[in-house]
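Novice: Prediction below, plus the sequence it came from.
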Amino acid sequence: MLEKLFKLKENNTNVRTEVRGGITTFMTMAYILAVNPDILSAAGMDKSAVLLATCLASFIGTWCMGLLANLPFALSAGLGLNAYFSYTVVGAMGYSWQIALFAVFIEGIIFIVLSLTNVREAIFNAIPLNLKRAVSVGIGLFIAFIGLQNAGLVVNDDSTLVTITNFTENFNSTGITALLAVIGLVIISILYIKKVKGSILIGIFSVWILAILAELVGLYVPNPEMGMYSMIPTQIVSFDFSALGKTFGQCFNIDFSSIKIFDMIVVVFAFLFVDIFDTLGTLIGVSTKAGMLDEEGRLPKIKPALLSDAIATTAGAVLGTSTTTTFVESSVGVAEGGRTGLTSIVTGFLFLIAVIFAPLFIMIPSLATAPALIFVGFLMFSEVTDISFKDDNLLSAIPAYLAIITMPLFYSMSEGIAAGIISYVVLHLICGKGKSVKPLMYVLAVLFILKYIFL
């Protein structure tokens, strides 16, 4: 049955190899179960509900990938997109998390339509390569900045806006937690350099264990008034899944009269833009490593793969989590030999089982997940080496630079995307290269400019 369904022999693999690949992929991705509830809770969402929604959306998306596309790719809540959800849409724009979920749901529906047509190729081809890479780099810096804040390493300052924390002041609370976050970053970095499987997840739990020990010996003293709570878990497993009711279907429980149309267009487009290019980039990159591309460099099963991603996003919004997307960590499972959808089935099953351990994951403190955010920021930032900054490419290099720096400094992914697209179109027009710009880029630039005029 497995042979007929997944064509194992045709793909030069076997059940044992696929299972190993699926387990390895889950190990490298499981950190999202600690990080995503932490980030979305900043939007006012219940941590337990978000974790359950994340597990179920990951399960649905990854199984769709395995059954519809027969590819060894796994999906979960995308980093960067969840930060945009909490800190920009809910935080800066002031929308409720229910409306933010509605935007994710709309994005998912649009993505389903685009996945069934050739429109996604037109969108993908319209955006210049430098800008595509710049988005990934900018998101990396944005995520790293959030990680530095969550770790308590970056704090407010009246004269310079931000500065490094004072480790000696309040050492038994903010000082020790910031120090533990630094240690966590070192642990993750060393493990990753040594190519240890699940290095990020191991790093998270290592820091948490150190934090528990620090509390037991008195180096860390809980102070609820400062938001410093006990590190010691009180429960590991639970079969009570009622918390999911706090987010399930809430994307439809909104006051539509409070939505500003241009704001919503920008929000949906930002979700859609990042999801499309993040997914396509991951699919192509991992497929290349696995030798799955055809002679023309195309992925034959890209339509069902994109459809799986879109279904996962839509289902995730209904369940109660931000955009669900294909994870680049899937490449680790591929490196272990995973070549078919059976790898995805194994990974998805492990995400389903993870709902039982919800109490454990939601107890993981921010100081333990912060190093993971900072390190994932590094992984995304590495794309900067593929951006051409040579003199003959300045018309796209400058917009790429602007897109990168505005994301963390303006604390918004959408502002970075807007800065990149508008500057790209303007520079090309003024320099007499307007004909080389794809028509869709003009449409996007005009939409962003109208947003700044009327909002």
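Specialist: Received the coordinates, thanks.
Novice: With just CA atoms, put the helix or strand hosting Cys55 into CSV.
Specialist: In this assignment (DSSP states H and E), Cys55 forms part of helix 47-64. Extracted C-alpha coordinates of helix 47-64, given in CSV (Å, rounded to 0.1, in the frame of the first residue of the first chain):
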residue,chain,number,x,y,z
LYS,A,47,-1.1,30.4,24.4
SER,A,48,-2.7,27.0,24.9
ALA,A,49,-5.2,27.7,22.0
VAL,A,50,-2.4,28.9,19.7
LEU,A,51,-0.3,25.8,20.4
LEU,A,52,-3.1,23.4,19.7
ALA,A,53,-4.0,25.4,16.5
THR,A,54,-0.3,25.3,15.4
CYS,A,55,-0.1,21.6,15.9
LEU,A,56,-3.3,20.9,14.0
ALA,A,57,-2.5,23.3,11.2
SER,A,58,0.9,21.8,10.8
PHE,A,59,-0.6,18.3,10.8
ILE,A,60,-3.2,19.2,8.1
GLY,A,61,-0.7,21.1,5.9
THR,A,62,2.0,18.5,6.1
TRP,A,63,-0.3,15.6,5.4
CYS,A,64,-1.7,17.5,2.4
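Novice: Report the distance from it to the chain centre.
Specialist: Relative to its chain's centre, helix 47-64 lies at 14 Å (Cα atoms, centre = their mean, to the nearest Å).
Novice: Tell me the first helix or strand C-terminal of it.
Specialist: Using DSSP H and E, the helix or strand that directly follows helix 47-64 along the chain is strand 75-77.
Novice: Packing partners of that next one?
Specialist: helix 32-40, helix 47-64, helix 302-319, strand 324-326 (3 or more Cβ pairs under 8 Å, 6 or more residues apart in numbering; DSSP states H and E). All C-beta spots, glycine's among them, are computed from the backbone N, C-alpha and C.
Novice: Just give the number of residues close to Arg16.
Specialist: 9 (other Cβ atoms under 10 Å).
Novice: Let me know the secondary structure of it.
Specialist: Under the three-state scheme (DSSP: H, G, I helix; E, B strand; the rest coil), Arg16 adopts helix.
Novice: separation between it and Phe351?
Specialist: Separation of Arg16 from Phe351 (Cβ to Cβ, to the nearest Å): 21 Å.
Novice: for Ser189, same thing?
Specialist: 26 Å.
Novice: Give me the more crowded residue out of those two.
Specialist: Set side by side, Ser189 and Phe351 show more neighbours around Phe351, with 26 against 16, by other Cβ under 10 Å.
Novice: shouldn't the more buried one be in contact with Thr62?
Specialist: Yes. Assessed by Cβ atoms under 8 Å, Phe351 is found in contact with Thr62 at 6.5 Å.
Novice: Now list whatever residues contact both of the two.
Specialist: Both Phe351 and Thr62 are contacted by Ser76, under the criterion Cβ atoms under 8 Å, 6 or more residues apart in numbering.
Novice: the strands in the protein, which residues?
Specialist: Under the criterion DSSP state E, the chain contains strands at 75-77, 154-157, 161-164, 324-326.
Novice: Can I get the ones you listed in CSV including mean pLDDT?
Specialist: What follows is these, written out as CSV (pLDDT from 0 to 100):
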stretch, mean pLDDT
strand 75-77, 93
strand 154-157, 88
strand 161-164, 91
strand 324-326, 88
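Novice: out of the ones you listed, which comes closest to Ile453?
Specialist: Proximity to Ile453 (Cβ to Cβ) singles out strand 161-164 among those, at 27.4 Å.
Novice: got the CA coordinates for the closest one in PDB?
Specialist: C-alpha atoms of strand 161-164 as PDB (Å, rounded to 0.1, in the frame of the first residue of the first chain):
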ATOM      1  CA  LEU A 161      15.800  54.700  21.500                       C
ATOM      2  CA  VAL A 162      17.400  51.300  22.200                       C
ATOM      3  CA  THR A 163      20.500  50.100  24.100                       C
ATOM      4  CA  ILE A 164      21.900  47.000  25.600                       C
END
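Novice: show me the contacts for Ala315.
Specialist: By Cβ under 8 Å, 6+ apart, the contact set of Ala315 is Leu56, Ala57, Ile60, Gly61, Gly108, Thr324.
Novice: Report the buried members of those residues.
Specialist: Leu56, Ala57, Ile60, Gly61, Gly108, Thr324 (16 or more other Cβ atoms under 10 Å).
Novice: With Asn82 as the reference, measure out to the last one.
Specialist: Okay, so that is Thr324. Distance from Thr324 to Asn82, by Cβ to Cβ: 10 Å.
Novice: next one: the third one
Specialist: If you measure Ile60 against Asn82 using Cβ to Cβ, the figure is 17 Å.
Novice: can you pull the contacts of the residue most central in space within the chain?
Specialist: The residue lying closest to the centre of the chain (Cα atoms, centre = their mean) is Leu79, at 1.8 Å. Counting by Cβ under 8 Å, 6+ apart, Leu79 touches Ile32, Val35, Ile139, Ile143, Leu373, Val376.
Novice: 10 Å - rerun?
Specialist: 31-32, 35-36, 39, 139-140, 142-143, 146, 278, 322, 325, 327, 372-373, 376-377, 379-380 (Cβ atoms under 10 Å, 6 or more residues apart in numbering).
Novice: From Thr369, how far off is Thr343?
Specialist: 26 Å.
Novice: So which of these two has more stuff around it?
Specialist: Using other Cβ under 10 Å as the criterion, Thr343 and Thr369 rank with Thr343 on top: 35 against 28.
Novice: If you average pLDDT per helix and strand, which one of this structure comes out bottom?
Specialist: Ranking every helix and strand in the chain by mean pLDDT, DSSP states H and E puts helix 119-126 at the bottom, with a mean of 65.
Novice: Low-confidence regions, the stretch 51-200 of the chain specifically.
Specialist: Applying pLDDT under 70 to the stretch 51-200 of the chain picks out residues 120-125.
Novice: just to revisit the earlier point, quick one: the residue nearest to the centre of the chain from Asp309, how far?
Specialist: Counting by Cβ to Cβ, the gap from Leu79 to Asp309 is 15 Å.
Novice: go on, Ala53?
Specialist: Applying Cβ to Cβ, the value for Ala53 to Asp309 is 17 Å.
Novice: try Ile190
Specialist: For Ile190, the distance to Asp309 equals 33 Å [Cβ to Cβ].
Novice: And the two? Which one has more around it.
Specialist: Asp309 (32 against 12).
Novice: Now that one: closest residue in space that isn't a chain neighbour?
Specialist: Leaving aside its chain neighbours, Asp309 sits nearest to Thr279 (4.9 Å; criterion: Cβ to Cβ, 6 or more residues apart in numbering).
Novice: just Glu107 next, same as before
Specialist: Phe271 (4.2 Å).
Novice: and that neighbour, how many neighbours?
Specialist: Neighbours of Phe271 (other Cβ under 10 Å): 31.
Novice: Surely it touches Gly78?
Specialist: Yes. Counting by Cβ atoms under 10 Å, Phe271 does reach Gly78; the two are 9.4 Å apart.
Novice: what residues do these two have in common as contacts?
Specialist: Jointly contacting Phe271 and Gly78 under the rule Cβ under 10 Å, 6+ apart are Tyr84, Phe85, Thr313, Ser322, Thr323, Thr325.
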